[in-house]
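Student: give me the fold of what follows.
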Amino acid sequence: MQGRIGEVRLGVAGLTVVAAAQTPPAAPAIARTVVAGTKLPSLGNTPLYFRAVSVLIPAGQKISLSAPNGILYQLSGSTEVSAGEAKTITGGGGVLIAGGTTAALTAGNGEQSTLLFFLLAPKEALDQPVAAAPATVKELYRTAAPLPELKPGSYELNLTRVTFPPGMPSNPPHHRSGAALYYIVSGIGANTVDGKTADRGPGSLIYEPFGLVHQWGNPGSEPLTFLAFNINLEGVPAVVPETPTKP
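Tutor: This next block holds a predicted model:
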């Protein structure tokens, strides 16, 4: 990419040389893609938890899936999802499964379907199975306590795929206005909390409740891609700078 060209004049033995000075190229941008999302009209006063499970479906097999509000993400293979209307998702795609909905999932004939399922669930639903054989379901994470600082009101729930370019320094300290659960898809991220930095690699799950001031960077030579399962009050930014204040 050609930058702005200016003139730099150098005197050499009475000779004036005009050189071209180029503006340094801009740093690569962070890429963000909303995979799926919805608006929750009201949370009421029910305490809610995050839960994440993996779902493996043998090639060509069909299962039923039922759970509270959640979002499916296709890691590999393909899946036809029918929850009112049919949709086929492939690697990197996702679909919302609304609470109270029973969805039919059919894996493609070519290979096993591997999915992640991110759930927003009340305590009484945490131990409910989301699918039966021939699916293999494995719990990856659940919050030990309800998500803090969620008040009655309308909320946004979404799953966003984020890619940090190689060599990106840690972003400024910030926190979530609601809460988020991260899943590292590829690359190695540098996660800083309380002045301590830890490497987070593929398959890592990181919980960010309200009030957790933290930073993310990518010191590696490969892109860092992660998923953020996020809830925030409608009309309020999901990410807030500086230290949070509690009422």
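
Student: quick one, what contacts residue 139?
Tutor: Under the criterion of C-beta atoms under 8 Å, 6 or more residues apart in numbering, the contact partners of residue 139 comprise 51, 52, 53. All C-beta atoms are positioned from the backbone trio N, CA, C, and that covers glycine.

Student: show me the domain layout of this structure.
Tutor: Using automatic domain parsing, the domains assigned to the chain come out as 48-142, 148-241.

Student: PyMOL command to pick out the buried ones of the contacts of residue 139?
Tutor: Buried residues within the contacts of residue 139, by 16 or more other C-beta atoms under 10 Å, are selected in PyMOL with:
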select buried, resi 51+52+53
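
Student: among the contacts of residue 139, which ones are in strands?
Tutor: Assigned to strands by DSSP state E, the following of the contacts of residue 139 qualify: 51, 52, 53.

Student: I'd like to know how far the last one sits from residue 83.
Tutor: With distances defined as C-beta to C-beta, to the nearest Å, the gap from residue 53 to residue 83 amounts to 17 Å.

Student: what about this protein, any weak spots by pLDDT?
Tutor: Counting by pLDDT under 70, the chain contains low-confidence ranges at 1-27, 242-247.

Student: show me the contacts for the closest residue to residue 83 other than its chain neighbours.
Tutor: If the residues on either side of it in the chain are set aside, residue 83 comes closest to residue 103, at 3.8 Å by C-beta to C-beta, 6 or more residues apart in numbering. Taking C-beta under 8 Å, 6+ apart as the contact definition, residue 103 lies against 64, 65, 66, 81, 82, 83, 97.

Student: okay, the residue nearest to the third one when sequence neighbours are not counted and residue 65: tell me how far apart.
Tutor: Nearest non-adjacent residue to residue 66, counting by C-beta to C-beta, 6+ apart: residue 102, 4.4 Å away. When distances are taken as C-beta to C-beta, residue 102 and residue 65 turn out to be 7 Å apart.

Student: same question for residue 142.
Tutor: Where residue 65 is concerned, residue 142 sits at a distance of 18 Å (C-beta to C-beta).

Student: ok, back up a step: filter the contacts of residue 103 down to the buried ones.
Tutor: 65, 66, 81, 83, 97.

Student: pretty sure the last one is touching residue 79, no?
Tutor: No - in terms of C-beta atoms under 8 Å, residue 97 does not count as a neighbour of residue 79; the distance is 11.8 Å.

Student: need the overlap of contacts for the two.
Tutor: Common contact partners of residue 97 and residue 79 (C-beta under 8 Å, 6+ apart): residue 72.

Student: circling back: most widely separated two among the buried ones among the contacts of residue 103?
Tutor: Taking C-beta to C-beta as the measure, these reach their widest spread between 66 and 81, a distance of 12.8 Å.

Student: for residue 224, what are its contacts?
Tutor: With contact set as C-beta under 8 Å, 6+ apart, residue 224 has these partners: 163, 164, 168, 184, 186, 187, 188, 189, 218.

Student: the helix or strand encompassing residue 105: what's the following helix or strand?
Tutor: In this assignment (DSSP states H and E), residue 105 forms part of strand 102-107. For strand 102-107, the following helix or strand on the C-terminal side (DSSP H and E) is strand 113-122.

Student: pull that following strand out as CSV, backbone CA atoms only.
Tutor: Included here for strand 113-122 are C-alpha records, laid out as CSV according to Å, rounded to 0.1, in the frame of the first residue of the first chain:
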residue,chain,number,x,y,z
SER,A,113,-20.2,-32.8,13.3
THR,A,114,-18.4,-31.1,16.2
LEU,A,115,-20.2,-28.2,17.9
LEU,A,116,-19.9,-25.9,20.9
PHE,A,117,-23.1,-25.0,22.7
PHE,A,118,-23.0,-21.9,24.9
LEU,A,119,-25.9,-21.7,27.4
LEU,A,120,-27.5,-19.0,29.6
ALA,A,121,-29.3,-21.1,32.2
PRO,A,122,-31.1,-20.8,35.5
